[in-house]
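Q: Next comes the sequence, and after it the predicted model I'd like to discuss.
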Amino acid sequence: MNRRLATFLAVSFAVTWSAWGILVPLARARTLVYGQWPFMVLYMLGGLGPTIGAYAAVVGTSAQAPLSEFHRRLLRWRVAGWWYLIAAGLPIALAVASRAVTALLTPDMSGALSVRPWYMFLPLFVVMIAGGGLEELGWRGVAQPEVERTTGRAAAGLLVGLVWAVWHGPLFLLPGVSQYEASFPVFAAGVIGTALILAWLYGRTGSILLCVVFHAAVNAIAALGFAIPRHCGWPALLGPGLNVLTGSILLLFGSALSNKSLQPTAAAPGR
């Protein structure tokens, strides 16, 4: 493990697990409740762990590639417009597909699944840029390319996805959040599938910004109510399953969808 990757992981986990580790006992004792500002401050601080970790890693290894190179990847917006449609639209398509299959196979259950009005997607998307999207500065901006150097893109996506899922661990003990007392294997499958899709997206565009868009769209469509709740039984597996299937297909065959005017992620100076 090289220094940049090690620094990113150490700082990310230290920041996140410290903040959430403080929050868990306070929330379980109901000293703090979701929605109260002290709860939300610690919750959001933990979520910023990968962002803080990314900057610590890049600044601390500037001889490998300077901060300006990281910012070029972060702000790479001059890509073909259909990449933006993919980044924002694919999470919606996958969520709608899982909901449609649920309605088709279990029509009695579909009436019990409530969805917020569609016009809420945009404000939720804006909120979710901070509430998840900024994680991409670390997971795709640092971890994916560093692991990919030695393992290849698909294996790196799988490994980063697994670590990403483990990073969420304290949330499964935290009352008030969606992961509380959920199934970690099901959650991990969904995260790994998402990581595979993002590995493809980042590899084809070299844009951290597009990964932020994708991540925010994933969280926004889930907050809109399209995620199948765990109490629904096997339909809750559809979303994670579709993520894994889609990510695997894109990494295996997605080169046909590449934009000829774009090059795969360029190696940083000094590599």
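A: Here it is on my side, so go on.
Q: And the spatially most central residue of the chain, how close does it get to residue 124?
A: In the chain, the residue lying closest to the centroid (Cα atoms, centre = their mean) is residue 215, at 4.8 Å. Residue 215 is 13 Å from residue 124, where distance means Cβ to Cβ, to the nearest Å. C-betas here are computed from N, CA, C, even on glycine.
Q: just to revisit the earlier point, hang on, the residue nearest to the centre of the chain packs against residue 198?
A: Yes. Between residue 215 and residue 198 there is a contact under Cβ atoms under 8 Å: 7.3 Å.
Q: which neighbours do these two share?
A: Residues touching both residue 215 and residue 198 by Cβ atoms under 8 Å, 6 or more residues apart in numbering: residue 136.
Q: which helices and strands sit right next to the host helix or strand of residue 203?
A: Residue 203 is part of helix 184-205, with elements assigned from DSSP states H and E. Contacts defined by 3 or more Cβ pairs under 8 Å, 6 or more residues apart in numbering; DSSP states H and E place helix 184-205 against helix 81-105, helix 144-151, helix 153-167, helix 208-221, helix 238-253.
Q: what residues does the shortest one touch?
A: Outside of helix 144-151, the residues that reach it under the criterion Cβ under 8 Å, 6+ apart are 2, 4-5, 8, 155-157, 159-160, 198-199, 202-203, 265, 268, 271.
Q: distance between it and the chain's centre?
A: Remark: helix 144-151 is offset 18 Å from the chain centroid, using Cα atoms, centre = their mean, to the nearest Å.
Q: cool, and the first one?
A: With Cα atoms, centre = their mean as the basis, the distance from the averaged C-alpha position of helix 81-105 to the chain average is 16 Å.
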